[in-house]
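1. Sequence and predicted structure, then a few things I'm wondering about:
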Amino acid sequence: MAGILNSRIFIEKGDITEMQVDAIVNAANKELVLGGGVAGAIREKGGPSIQRECDRIGSIPLGEAVVTGAGLLPADYVIHAAAMGTREPCTEDSLRNAVINSLKRAEEWKFAKIAMPAVGMGIAGFPVRNGAEILLHTVRDFFESHEYPEEVHIVLFDDETYQAFMESAKHLG
């Protein structure tokens, strides 16, 4: 684990579904269907209650984020960040907006600690190096004028993505 930016952002390699934080961020589609990747892992480990809550919410705008319970996960809540649609790719704008809106939900709910995956960079296919820079800059900029969340843990599943985020973190300044 490597703490950066005054120990408010942490980059970690691990399984986001194991994080004991106030909320984990789901790299969601705007239809809130928990399919594969991070969303599939959340569905499998968290149980069916999360998808039922998503079904009640329905589709959300691209770039938006909503909160549900976390079912059987160790986290208390899931923030579903819609960086893509089932037929719409992840773009710089949708990635940035999904991250900002996730952070806004964390602020509204007063979540002290959240865990976020590489939103938009898995199944959605957004380039990892570019996505890492966008995600880290967005979180850093949000922290400049917001008290919550107090910490963001960027939790990455594979070595390649972890290395890309660590490299991007060096250039944040």
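-> Yep, it's here. Residues are numbered from 1 along each chain as shown.

2. wait, residue 113 sits on residue 22?
-> Yes. Distance between residue 113 and residue 22: 5.4 Å, which falls inside the contact criterion (CB atoms under 8 Å). Glycine gets a C-beta too; all of them are placed from N, C-alpha and C.

3. Now list whatever residues contact both of the two.
-> Residues within reach of residue 113 and of residue 22 at once, by CB atoms under 8 Å, 6 or more residues apart in numbering, are residue 149.

4. out of these two, which sits in the more crowded spot?
-> residue 22 (22 against 18; other CB atoms under 10 Å).

5. Now that one: closest residue in space, sequence neighbours ignored.
-> For residue 22, the nearest residue in space outside its immediate sequence neighbours is residue 111; the separation is 3.7 Å by CB to CB, 6 or more residues apart in numbering.

6. and if you look at residue 157?
-> Distance criterion CB to CB, 6+ apart; nearest residue to residue 157, sequence neighbours excluded, is residue 15 at 6.9 Å.

7. again, but for residue 135
-> Once its chain neighbours are removed from consideration, residue 135 has its nearest residue in residue 99; the separation is 5.6 Å (CB to CB, 6+ apart).

8. count of neighbours near residue 18?
-> Neighbour count for residue 18, taken as other CB under 10 Å: 14.

9. Let me see the backbone angles for it.
-> In this entry, residue 18 is assigned phi and psi values of phi -100, psi 0 (degrees, to the nearest 10).

10. Residue 28 now?
-> According to degrees, to the nearest 10, residue 28 has phi -90, psi 160.

11. cool, residue 65 as well?
-> The phi and psi values for residue 65, taken as degrees, to the nearest 10, are phi -150, psi 140.

12. if I pick it, what's in contact with it?
-> Residue 65 is in contact with 25, 28, 79-82, 98, 101-102, 104-105, counting by CB under 8 Å, 6+ apart.

13. Test my guess that residue 122 contacts residue 40.
-> No. Residue 122 is beyond contact range of residue 40, at 10.1 Å (criterion: CB under 8 Å).

14. still on that earlier bit, the contacts of residue 65 in strands, which ones?
-> Here DSSP state E is the test, and the contacts of residue 65 give 25, 28, 79-82 as lying in strands.

15. Would you mind giving these as TSV with pLDDT, distance to residue 156 and neighbour count added?
-> Compiled in TSV, the ones in strands among the contacts of residue 65 are given as follows (pLDDT from 0 to 100; distance: CB to CB, whole Å; neighbours: other CB atoms under 10 Å):
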residue	pLDDT	distance to residue 156	neighbour count
25	98	12	31
28	93	17	32
79	98	17	29
80	98	19	28
81	96	15	30
82	95	20	29
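
16. And the residues you listed, which is closest to residue 167?
-> Using CB to CB, the shortest approach to residue 167 within those belongs to residue 25, at 21.5 Å.
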